[in-house]
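>>> Got a predicted structure plus its sequence, pasted below:
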Amino acid sequence: MPGWLKRLRGRFTRDEGGAAALEYAMVAPVFILALVGMMELGLMTFANVLLEGGLREASRYGATGFALPDGTSRADRIRQIVIENGAGLVVDEHVTITALIYPSFESIGQAEPFQDANDNDSYDEGETYTDVNGNGQWDPDMGLEGAGGAGDIVVYRVDYPWSPITNLFGGMIGDINLSTSLVIRNEPFDS
């Protein structure tokens, strides 16, 4: 190695000026990524809590059987309550609310009963079934859509596709489905 190159190499290896800037340049992106990630997670968790609170308030309204005098349906009012409780983080057109009526708590999420003619533990076309929800077809979930009548068991479910606020995570993970559900028995109201 030529002498001038040895002297130049020696000068750079002894000089510690700028080491802090170099260390900061290596650590800062990781720190910023972690900070933004925590903020995204916090906002997503907050939006999920808002959905849960909105669904709780909406189901309280739905359980009463109360109908607004302006002609707004119970289903529309339930949707309005969930959106109102969203504090601006929940966008109306992306919210999916389902309400399913069941004859008992034990029947929640159960398939309509059928006669398993070939003993394969699954419904096959042509097998005899009991149409619990009255829609003219066998369903893997016997729940009937609607807010129900007096004393009915109702399962409310809200689904919302949460989009990360920053493009930093939006491109990496895409939308995250926030979902919450609640089971209630309607009050014994007059129809």
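Ah, there it is.

>>> For Tyr61, give me its contacts.
With contacts taken as CB atoms under 8 Å, 6 or more residues apart in numbering, Tyr61 has the following neighbours: Arg74, Arg77, Ile78, Ile81. C-betas here are computed from N, CA, C, even on glycine.

>>> and with 6 Å instead?
For Tyr61, the set of contacting residues under the criterion of CB atoms under 6 Å, 6 or more residues apart in numbering consists of Ile81.

>>> Look at it and report its pLDDT.
In this model, Tyr61 is scored at 94, pLDDT.

>>> what helix or strand does it sit in?
For Tyr61, the enclosing helix or strand under DSSP states H and E is helix 19-64.

>>> Following element in sequence after that helix, please.
Sequence-wise, the next helix or strand beyond helix 19-64 is helix 74-84, with elements assigned using DSSP H and E.

>>> buried stuff in that next one?
Of the residues in helix 74-84, those with enough neighbours to count as buried (16 or more other CB atoms under 10 Å) are Arg74, Arg77, Ile78, Arg79, Gln80, Ile81, Val82, Ile83.

>>> repeat for stretch 129-137
Neighbour counts using 16+ other CB under 10 Å place Tyr129, Val132, Asn133 of stretch 129-137 among the buried residues.

>>> what do you get for stretch 92-99?
In terms of neighbour count (16+ other CB under 10 Å), stretch 92-99 has its buried residues at Val95, Ile97, Ala99.

>>> Kindly reformat the residues you listed as TSV containing distance to Gly62, secondary structure and pLDDT.
Listed next are the buried residues of stretch 92-99 as TSV, based on distance: CB to CB, whole Å; DSSP: H, G, I helix; E, B strand; the rest coil; pLDDT from 0 to 100:
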residue	distance to Gly62	secondary structure	pLDDT
Val95	15	coil	94
Ile97	10	strand	96
Ala99	7	strand	95
